[in-house]
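1. quick check, what structure comes out for this input:
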Amino acid sequence: MSTLTLRSVRPYGGGEPVDVVVRDGLVETIAPTGAVPAAGEVVDLDGRFVGPGLWDAHVHFTQWVISSRRVDVGGTNGPDEVVNAVRRALHAGAPRTDGVLVGYGYRDGLWTTPTSLRALDEAFPDDPVVLVSGDLHAGWMNSRGAERLGLRPDDSGVVAEFEWIAALQRFQQAASIPVEAYGEVAEAAARRGIVGIVDYENVPNVREWPERVAAGVRSLRVDASVWPDRLEEALAAGLRTGDDLDADGLVTMGRLKIVSDGSLNTRTAWCWDPYPGADPHAEHGCGVQSVPVEELRRLLVRAGEGGILPAVHAIGDRANTEVIEVFEELGMPGIIEHAQLVRDADFARFRRAGLVASVQPEHAMDDRDIADLHWAGRTGRAFAFGSLHRSGAELRLGSDAPVAPLDPWHAIAAATARSRGDRDAWHPEQRLPLDVALAASSRTKTAVGQPADLVVVDADPSSCDRDALRSMPVAATLLGGRFTHRAV
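-> Have a look, this model is predicted:
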């Protein structure tokens, strides 16, 4: 392993410049600049600021890679705008996936005109069209697109949750994505200071990520999750959470990902109260319970017996209550992914049960209006990062990319400001202190003996306002003491 000296860097918060000596992938020495002999290559950083390398705790990496190849229908305000965007893409010769024109990013929760099968059939009678919702939980398609995916949508043209997620997985596997595309996206992440991701993609992660590393994708550490349909395969292989899956230790066995409910934008998050206009007695008036409680309990026990730890998606307040109760009953720690709406009485239960809240602050900025509409009167406890922190819960920040960009600086800015653009802070009482947001975006400390997973930035985060955090210039990223990004 090489030896490296980072000369004249300062910790976040200021202070006198120090030299950081890195040897064999670890921080060996931190001392005032010039106080100890330099070792190996010397990189003068001219007083820039150094901190722990950043992690994104929730990513769908293949979806993020693919998203750049899909027609962007985000920001549209109704079916007519979506049709126009797709029509322009067709005229421009947009690429297709297995013969299907795929769009991504529509969010219909605030639309006054609903989606319809007829609208897409009339606009595109000869072209298979499939549009992926911005939250990944639904697809809107025409008849030709549905036929290609083996689906039967109703008059809305939308298929959601269980059936959709399975179809999207099959369709995605049919797409040919070169390993170079994964490498380019991983390198882009490193340019934003990212050293690691938790990949919750519903694909054979434990096989595919070591293959990518062997093929040269070496810019990130990866926790590779497994979904219930591949749990028995992982157990049979003797895999346990934390096991190395490649020779260099870049890929580790992650957690069992279980989806217990739907999403806010699709109005399928499982809540105690019905959605506006929904029949409270209807099957899905309060959202969708994706996994029955008994099956959730069985999966947690089965995975735990083999040393695979759980991460459970829970967005609605009823989903969070039910999931917490199962964890409490089993006496098993774990991660709750999203925790977007939580009952007041349940915040303290995160800490008591030893549960980590893995949250995505940029979602609060994207979804504040739809939350105000569909969770009216409850948004004081929606995306309630401050309440979770004050309750003593451990927090981890992520993006859920491609639902939000793979950029922890966006998450940090959203968590600490609760605002974006020209809008006032939304429920500012739920802001996080900067030091908490930074700690929730990393796994190490800048300290002797720690892994040399580091980020060097041009500005001190503690002196940056919201927009400066969001656009933070990253001068260098180091993973185990080697540069994965270097602009100095």
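2. domain map for this protein?
-> 1-53+446-488, 62-174, 191-445 (automatic domain parsing).
3. so which of the ones you listed is the most packed in?
-> Highest mean neighbour count among the domains of the chain (mean count of other CB atoms under 10 Å): domain 191-445, with a mean of 20. In short, each C-beta sits where N, CA and C put it, glycine included.
4. okay, how far is it across that one, tip to tip?
-> End-to-end distance of domain 191-445 (CA to CA, to the nearest Å): 20 Å.
5. for Arg381, give its distance to His58.
-> 21 Å (CB to CB, to the nearest Å).
6. out of the domains of the chain, which is closest to Val185?
-> Taking CB to CB, domain 62-174 is the member of the domains of the chain nearest to Val185, at 5.0 Å.
7. do me a favour and average the pLDDT over that closest one.
-> For domain 62-174, the mean pLDDT works out to 94.
8. any idea how far it is from the middle of the chain?
-> Relative to the chain's own centre, domain 62-174 is displaced by 21 Å; criterion: CA atoms, centre = their mean, to the nearest Å.
9. equivalent analysis for stretch 253-272, please.
-> 13 Å.
10. who does the longest strand seen in the chain touch, helix- and strand-wise?
-> Longest strand of the chain, by residue count under DSSP state E: strand 41-52. Where contact means 3 or more CB pairs under 8 Å, 6 or more residues apart in numbering; DSSP states H and E, strand 41-52 is packed against strand 3-11, strand 454-457, strand 474-479.
11. that one: what's the following helix or strand?
-> Per DSSP states H and E, strand 41-52 leads on to strand 54-59 as the next helix or strand towards the C-terminus.
12. by contact count, what packs against that following strand?
-> Contacts defined by 3+ CB pairs under 8 Å, 6+ apart place strand 54-59 against strand 194-199, strand 394-397, helix 408-417.
13. same thing but 10 Å
-> Where contact means 3 or more CB pairs under 10 Å, 6 or more residues apart in numbering; DSSP states H and E, strand 54-59 is packed against helix 179-190, strand 194-199, strand 221-226, strand 310-314, strand 334-338, strand 355-359, strand 394-397, helix 408-417.
14. pipe these into a markdown table and attach mean pLDDT and distance to Val22 per row.
-> Converted to a markdown table, the helices and strands packed on strand 54-59 look like this (pLDDT from 0 to 100; distance: least, CB to CB, whole Å):
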| stretch | mean pLDDT | distance to Val22 |
| --- | --- | --- |
| helix 179-190 | 97 | 17 |
| strand 194-199 | 98 | 14 |
| strand 221-226 | 98 | 16 |
| strand 310-314 | 98 | 32 |
| strand 334-338 | 98 | 31 |
| strand 355-359 | 98 | 29 |
| strand 394-397 | 98 | 26 |
| helix 408-417 | 98 | 22 |
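15. ok, Ile194 - contacts?
-> By CB atoms under 10 Å, 6 or more residues apart in numbering, the residues touching Ile194 are 53-56, 59, 186, 188, 219-221, 399, 406-409, 441, 453, 455, 474, 477, 479, 484-485.
16. how far does the longest strand of the chain sit from the chain's center?
-> Offset of strand 41-52 from its chain centre (CA atoms, centre = their mean): 29 Å.
17. that one pairs with which strands?
-> Paired neighbours of strand 41-52 in the sheet (DSSP bridges): strand 3-11 (parallel), strand 454-457 (antiparallel).
18. average model confidence for that strand?
-> Averaged across strand 41-52, pLDDT comes to 97.
19. what about Arg298, which helix or strand?
-> For Arg298, the host element (DSSP H and E) is helix 293-305.
20. alpha carbons only: can I get that helix in PDB?
-> The C-alpha trace of helix 293-305 is given here as PDB (Å, rounded to 0.1, in the frame of the first residue of the first chain):
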ATOM      1  CA  VAL A 293     -47.200  -8.700   9.900                       C
ATOM      2  CA  GLU A 294     -46.900 -12.500  10.300                       C
ATOM      3  CA  GLU A 295     -44.800 -12.700   7.100                       C
ATOM      4  CA  LEU A 296     -42.600  -9.800   8.200                       C
ATOM      5  CA  ARG A 297     -42.000 -11.500  11.500                       C
ATOM      6  CA  ARG A 298     -41.100 -14.800   9.800                       C
ATOM      7  CA  LEU A 299     -38.700 -13.000   7.400                       C
ATOM      8  CA  LEU A 300     -36.900 -11.200  10.300                       C
ATOM      9  CA  VAL A 301     -36.600 -14.400  12.300                       C
ATOM     10  CA  ARG A 302     -35.400 -16.400   9.300                       C
ATOM     11  CA  ALA A 303     -32.800 -13.800   8.300                       C
ATOM     12  CA  GLY A 304     -31.600 -13.300  11.900                       C
ATOM     13  CA  GLU A 305     -31.000 -17.000  12.400                       C
END
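21. tell me what that helix is packed against?
-> Applying 3+ CB pairs under 10 Å, 6+ apart, we find helix 293-305 packed against helix 231-236, strand 251-259, strand 310-314, helix 317-330, strand 334-338.
22. any chance of the domains of the chain in TSV with distance to Ala181 as columns?
-> Listed next are the domains of the chain as TSV, based on distance: least, CB to CB, whole Å:
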stretch	distance to Ala181
domain 1-53+446-488	17
domain 62-174	5
domain 191-445	10
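23. of all these, which one comes closest to Glu180?
-> Among the domains of the chain, domain 191-445 sits nearest to Glu180 (CB to CB), with 8.5 Å.
24. in the protein, which residue is closest to the centre?
-> With distances taken as CA atoms, centre = their mean, the residue of the chain nearest its centroid is Asp400 (2.2 Å).
25. now do that one against Asp199, distance only.
-> In this view, Asp400 and Asp199 are 12 Å apart by CB to CB.
26. overlap in contacts of the two?
-> Joint contacts of Asp400 and Asp199 (CB under 10 Å, 6+ apart) are 56, 58-60, 64.
27. return the member of these nearest to Arg298.
-> For the shared contacts of Asp400 and Asp199, the nearest to Arg298 is His58 (24.2 Å; CB to CB).
28. tell me the confidence at that closest one?
-> His58 is assigned 98 on the pLDDT scale.
29. Pro402 is in contact with that one, correct?
-> No. His58 is beyond contact range of Pro402, at 11.6 Å (criterion: CB atoms under 10 Å).
30. any shared contact partners between the two?
-> Common neighbours of His58 and Pro402 are not found (criterion: CB under 10 Å, 6+ apart).
31. show me where the stretch 101-250 of the chain has helices.
-> Assigned by DSSP state H, counting those that start in this stretch, the stretch 101-250 of the chain shows helices spanning 117-123, 143-149, 161-174, 179-190, 205-214, 231-236.
32. looking at these, spot the one closest to Leu110.
-> The minimum distance between Leu110 and these falls on helix 117-123, with 17.4 Å, by CB to CB.
33. show me what that closest one packs onto, helices and strands only.
-> Right, helix 117-123 is packed against helix 79-91, strand 129-133, strand 138-141, helix 143-149 by 3+ CB pairs under 10 Å, 6+ apart.
34. turn the helices and strands packed on strand 54-59 into a markdown table, including distance to Trp270.
-> Output for the helices and strands packed on strand 54-59, formatted as a markdown table (distance: least, CB to CB, whole Å):
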| stretch | distance to Trp270 |
| --- | --- |
| helix 179-190 | 32 |
| strand 194-199 | 23 |
| strand 221-226 | 21 |
| strand 310-314 | 8 |
| strand 334-338 | 12 |
| strand 355-359 | 17 |
| strand 394-397 | 22 |
| helix 408-417 | 25 |
